[in-house]
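Sequence first, then the predicted structure:
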Amino acid sequence: MRKPNGYGSIKKLSGNRRRPFVFVITQDGKQKAMGYFCSQVEAEIYAADFNKKNHKILHGHETTFSELFYRWLPFYIDKHQPSKSTINSYNNSYKHCLPLHEMPLKKIKYYHLQDIIDTVKRKGLSYSTCKKIRSTLSLMFKYALMME
């Protein structure tokens with residue numbers, strides 16, 4: 001999805017660098033680097049926080065499912081120190097929720113979540129996969145309630 005005008009952009013720099021992603025904004029017709037990051041996810045989180053602090057978010061902007069996931073995962077990793085396989089399973093659960101990615105949180109209803117679980121069951125995936133998706137959704141929405 002396209003970002004609004006004046007939001008800034010994230011670029012990947014060439015070469016072998018420790019921090020290849022840069023968040024830039026335009027000031028006086030020139031691009032100014034605001035920060036360098038190891039991953040694009042970190043840069044996206046910084047961009048969202050930067051624009052929130054500077055009130056550059058458009059009126060009526062609502063937090064989407066994807067924004068919630070990318071805010072929740074680093075918070076959860078810092079707090080609980082899960083294993084690599086657990087983090088990978090959270091990422092896989094997120095990928096199964098593709099219809100929700102651009103949906104604002106306020107518009108997500110129970111039947112949207114149930115449809116995700118039903119779709120996974122219809123695809124023939126295991127019970128443990130469904131359980132992991134449900135667990136991920138539960139943790140994300142608990143975080144959302146805590147933060148909002």
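Structure received.

From now on I want contacts and neighbour counts done on CA atoms only, so please keep to that.
OK.

Per the annotation, how does this protein divide into domains?
9-53, 65-147 (automatic domain parsing).

Those into a markdown table, with extra columns for mean neighbour count and distance to residue 2?
Listed next are the domains of the chain as a markdown table, based on neighbours: other Cα atoms under 10 Å; distance: least, Cα to Cα, whole Å:
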| stretch | mean neighbour count | distance to residue 2 |
| --- | --- | --- |
| domain 9-53 | 14 | 10 |
| domain 65-147 | 14 | 11 |
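
Redo the ones you listed as CSV? Include distance to residue 3 and mean pLDDT.
Listed next are those as CSV, based on distance: least, Cα to Cα, whole Å; pLDDT from 0 to 100:
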stretch, distance to residue 3, mean pLDDT
domain 9-53, 8, 90
domain 65-147, 12, 93
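
so how far is residue 14 from residue 44?
Computed as Cα to Cα, to the nearest Å, the residue 44 to residue 14 distance reads 19 Å.

and what of residue 41?
Distance, residue 41 to residue 14, using Cα to Cα: 18 Å.

Done for today, thanks.
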